[in-house]
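**Student:** pasting the sequence and the predicted model now:
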There are 4 protein chains.
Amino acid sequence: MSKIQRATSPELEAILGETFPVLDDGFIRVIDYMGNDQSIVQAARVSYGAGTKKVSEDRGLIRYLLRNNHTTPFEMAELKLHVKVPMDAWRQWIRHRTASVNEISSRYSIVTNTAQKTDPNEWRIQGTGNKQGSEGVLDPEIGKKLTQEEEIFQEYAKATYEGRIAKGVAREQARKDIPLCTYTEAYWKMDLHNLLHFLDLRMDPHAQQEIRSYADVIGNEIVAKWVPLTWESFEDYKINARGLTGLEDPLIGALINNQPENAVKLAISYGWLEQGKKGLKNNRERQEFEIKAKRWKLPIPW
Amino acid sequence: MSKIQRATSPELEAILGETFPVLDDGFIRVIDYMGNDQSIVQAARVSYGAGTKKVSEDRGLIRYLLRNNHTTPFEMAELKLHVKVPMDAWRQWIRHRTASVNEISSRYSIVTNTAQKTDPNEWRIQGTGNKQGSEGVLDPEIGKKLTQEEEIFQEYAKATYEGRIAKGVAREQARKDIPLCTYTEAYWKMDLHNLLHFLDLRMDPHAQQEIRSYADVIGNEIVAKWVPLTWESFEDYKINARGLTGLEDPLIGALINNQPENAVKLAISYGWLEQGKKGLKNNRERQEFEIKAKRWKLPIPW
Amino acid sequence: MSKIQRATSPELEAILGETFPVLDDGFIRVIDYMGNDQSIVQAARVSYGAGTKKVSEDRGLIRYLLRNNHTTPFEMAELKLHVKVPMDAWRQWIRHRTASVNEISSRYSIVTNTAQKTDPNEWRIQGTGNKQGSEGVLDPEIGKKLTQEEEIFQEYAKATYEGRIAKGVAREQARKDIPLCTYTEAYWKMDLHNLLHFLDLRMDPHAQQEIRSYADVIGNEIVAKWVPLTWESFEDYKINARGLTGLEDPLIGALINNQPENAVKLAISYGWLEQGKKGLKNNRERQEFEIKAKRWKLPIPW
Amino acid sequence: MSKIQRATSPELEAILGETFPVLDDGFIRVIDYMGNDQSIVQAARVSYGAGTKKVSEDRGLIRYLLRNNHTTPFEMAELKLHVKVPMDAWRQWIRHRTASVNEISSRYSIVTNTAQKTDPNEWRIQGTGNKQGSEGVLDPEIGKKLTQEEEIFQEYAKATYEGRIAKGVAREQARKDIPLCTYTEAYWKMDLHNLLHFLDLRMDPHAQQEIRSYADVIGNEIVAKWVPLTWESFEDYKINARGLTGLEDPLIGALINNQPENAVKLAISYGWLEQGKKGLKNNRERQEFEIKAKRWKLPIPW
């Protein structure tokens, strides 16, 4: 009989293997995992050695670790997923290099997955402020047309692929013209530290909607159940945290303490208040600062 | 004035920025690099410390390091490339997680790159022995038809993309149906140790032809010039090396020493000689062994 | 003739190979490097592709990248150092796993480096608040005694080592009892992104003084010259940045807007205001908040 | 109820938490793990996709993967150990950068671990052929003396450390002169692919005896039970494999086929047969080849 037991997470056990649908035909399933909140605590406590008293309760310790970027204990937990994702989103996903991955091979087997479809009311409008984002959706009438065209195109792509296969073209070459958003599948494994970093980037409002849909499920439906104390800390210290730069910090101080002239002087020294023909020139850092100041209802003195 | 100079490689300097064309519209260019053969030697020699005599000439040392998998000194050299690659091949390329990468963003800018085209005489036939490979090419008459269809398809795909852009669809979404083999561009940087591993896998005959075309250029046109001593060792000890498994080694010994009965006994103990209805059952390990034995003209005793 | 030139940094070239002394017998020397501020810009710009206008000046772009944690372009620059460091500090240093390292081998060559010595006025007192730190130094009279004892001990250790070597003990075993702070030497290479992370942790006031001495030299004497725009951004956005947690942010807002009752309610909901026998119980998060509030002279309402 | 179960390894479960003693006061304990042989198979099979038949039995597939360096499926299994190791060996151990590690902090807590002791019959003699190794042991009479000296020295070191602590020196500084072979403790986690690489290097006869003692336990007592099919393959294809370089391969062929003149010609072309004053000059590659040829009783024709 063994002297210890593996760490378990009952809430995660309960959803092991369950299919969480994402987009029109994608999914996420938890296949296996290692560790739980207590594993993180256990790894962190080894640092204190024999003879040192327990420094704090588990929740306090986890919060302390995450707040202070003591990240190594979070590497002690691992999550393994089975995912089905459009290659388009997968191209972003796979950029996270700290994962272990086994993806379905379309060299080895015939592509049977379809391409992701877009609903008439889901065609997003090109962003103007944020050049790499989108803002709102197109009129559903236009969307309907786009969706019809998409359907015809994807059928054409499928027929082209299948025509090649029928003529004996190698699978590795026949696939070359399938649409980028054709679904792929993979086993994907990552430790919790790197997973939180993945979620921080991919649950962000600037992340593309498709990958964000996956990240939201991983975060809110899976990690939140698996390691609830870590998840709470992550929300408090990463998702909802507000950073002030070394330039903004004294400026906020000046505004709080009713020193608008000092604030203006600082802003000038930063090069934030250059005049153009139509008033202040655009300056991204200044504008980011203004948003933060307004959130606290601090008056902008320029 | 500085006391030392940066390591340089005159032969690599001579091709800095030069465009090596690959496939119909791809390329590789060397943008920057760090280190040379002597940098590897220098890093290895630090191990011997002051007071220890030079143990061997540079060439001998590099060969010793590579032959014995003392890989860390090869991490001391870096190569940075600008590449243009079909996304299809790029999906394989990016699986090497030890690279630094900046890829063109089709969220940010409109896709102007075209899709890779296939010549009539380049349509490869699906492999049978190797399920993930190809064997020979299709009849050029069939190929001609496939190429025509490809051209029409790719033009249709382009028109579909441009139609979406014209209607105001966000670039990040409009791109979803572009063909997988549309070219992308990236800056890609890797250290020499990991680069050799990349080349070992991607110059291999089992690698898909498209990525092999790139790997061949990187290896033969670039690395061979940059670090000639390392390249020579790499060819001698990796590319041209022959491995014998722990099962094959004593078998080869038995055959060399005219002990066919011993060889048969060993093969039986490995489970290699099971009888099926039509003679020996297929056994991949035995077949791999037979190829090696025949190369040395050793008689197979079963 | 090549079409492009390698990226260079004249200010870094000027100190190539120069010995920066650290501690009593350690040093740092720049051996080689790759890239400069413009290499980062170049890698970032590939994302925008042909046809997209230059979005901003170099400085603005670098600041934008660093402020928003767009870290990959900073991987495009590399720094290679030759360092001499006490093994004690090296044990912390080597925990950064993204480096390439070749260290002198005391299996291979006889240890001639001495152990780091401590001046009488450098013996630090065990911290009480911060259990893993130090606060102030011991009385120089006590320090003098400690230094004398140290000297005798280190000479004894040296004699023990040399006695073993003289008796023919293998170097790999003879070294087993040398003091932990014996100097070692290494070539150490890291990309700029990971180097900034290293510096963020090791220039921090909580880092142990010995490794901080090295980090300060790398940051202020080397990186600041190599990539001045990046360094400026790093100071503004990392070194001098102030983070507010998701709990602190609304609390600061309440204090700014004269809503002390709301602030108290929030603090209670966080569990920050539990009463002990002698007033408020210790609560690390509350105390961290109070420090931030006081910096801006905001009144603490509990 | 969950739809699937976590992968388990009954043989590993049986020794979970068990203490395997190593050296005089070290140990290894398995704390947790993820995956088993079937997890590797499962990850590899995703590549074949729906509709593709099972290509081979599990054992055959694992052997195929390992033999052909298809390493990614082996990353799907993880092992977490609690280890107590002399810092001397730990310095080698920690060079494997793909591990997750939490080590006891001697900044945070007082060092109570002792230094590793050497038995009178364990003092190894400096190697001559292999400059970084050892050959045999010293006369036990000399060993007895060395052990006595070691004991006295280690007690002196302990008293020095404790004297500093008693005087109030910070723990982070007091530790600076403790002997290098003082035991440390850590939680250490690694995936199976990287673990096999670790074992390949550290179970090797050239590895230092101390770390080899640990690697032997991890390999033979733990991994062999955890993933028996993988372990068998690892022994057959890595531990017991014999590599022939691209130079050796045709030479072996010439010897097998009774072509000694061809063999000599090849050897000359390799620069292996240069004459010195006392016969053939030393040449490491030739000597390595001779060992391989003799193993198969092939006659050396020079």
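**Tutor:** Yep, it's here.
**Student:** how far out from the middle of the chain is the helix or strand where residue A:145 lies?
**Tutor:** Remark: residue A:145 resides in helix A:140-166, with elements defined by DSSP states H and E. When distances are taken as Cα atoms, centre = their mean, to the nearest Å, helix A:140-166 is centred 30 Å away from the chain's centroid.
**Student:** what angle do that helix and helix B:140-166 make?
**Tutor:** 160 degrees (axes from the mean of the first three to the mean of the last three Cα atoms, to 10 degrees).
**Student:** what pLDDT, on average, does helix A:140-166 get?
**Tutor:** Across helix A:140-166, the average pLDDT comes to 97.
**Student:** may I see the buried residues of it?
**Tutor:** Neighbour-count burial for helix A:140-166, with 16 or more other Cβ atoms under 10 Å in any protein chain shown as criterion, is recorded at A:143, A:145-147, A:149-150, A:153-154, A:156-158, A:160-161, A:164. Bear in mind the C-beta positions are built from the backbone N, C-alpha and C, glycine included.
**Student:** so which of these are also by chain B?
**Tutor:** Filtering the buried residues of helix A:140-166 for neighbours of chain B using Cβ under 8 Å from any Cβ of the partner chain leaves A:146, A:149, A:150, A:153, A:154, A:156, A:157, A:160, A:164.
**Student:** go ahead and confirm the last one touches residue A:174.
**Tutor:** Yes. Between residue A:164 and residue A:174 a contact is recorded at 3.9 Å, counting by Cβ atoms under 8 Å.
**Student:** returning to that earlier point: for the ones next to chain B among the buried residues of helix A:140-166, which one is nearest residue B:186?
**Tutor:** Closest approach between these and residue B:186, by Cβ to Cβ: residue A:157, at 25.1 Å.
**Student:** tell me how far the residue nearest to that closest one when sequence neighbours are not counted lies from chain C.
**Tutor:** Distance criterion Cβ to Cβ, 6 or more residues apart in numbering or on different chains; nearest residue to residue A:157, sequence neighbours excluded, is residue A:179 at 5.3 Å. Going from residue A:179 to chain C by Cβ to the nearest Cβ, to the nearest Å gives 21 Å.
**Student:** what are the phi and psi angles of residue A:179?
**Tutor:** phi -60, psi 150 (degrees, to the nearest 10).
**Student:** for it, list each beta-bridge partner.
**Tutor:** Beta bridges link residue A:179 to residue B:179 when assigned by DSSP bridges.
**Student:** mind giving me the packing neighbours of the helix holding residue A:145?
**Tutor:** Secondary-structure packing of helix A:140-166 (3 or more Cβ pairs under 8 Å, 6 or more residues apart in numbering or on different chains; DSSP states H and E): helix A:171-174, helix B:140-166.
**Student:** which one of those lies closest to residue D:270?
**Tutor:** Of the helices and strands packed on helix A:140-166, nearest to residue D:270 by Cβ to Cβ is helix A:171-174, at 38.6 Å.
**Student:** near chain B, anything from the closest one?
**Tutor:** Yes. Helix A:171-174 is in contact with chain B by Cβ under 8 Å from any Cβ, via A:171, A:172, A:173.
**Student:** what comes up buried for that helix?
**Tutor:** A:171, A:172, A:173, A:174.
**Student:** surely residue A:236 touches residue A:59?
**Tutor:** No. Taking contacts as Cβ under 8 Å, residue A:236 lies outside contact range of residue A:59: 11.4 Å.
**Student:** and these two? which has more neighbours close in?
**Tutor:** The neighbour comparison of residue A:236 against residue A:59 (other Cβ atoms under 10 Å in any protein chain shown) goes to residue A:236, with 19 against 16.
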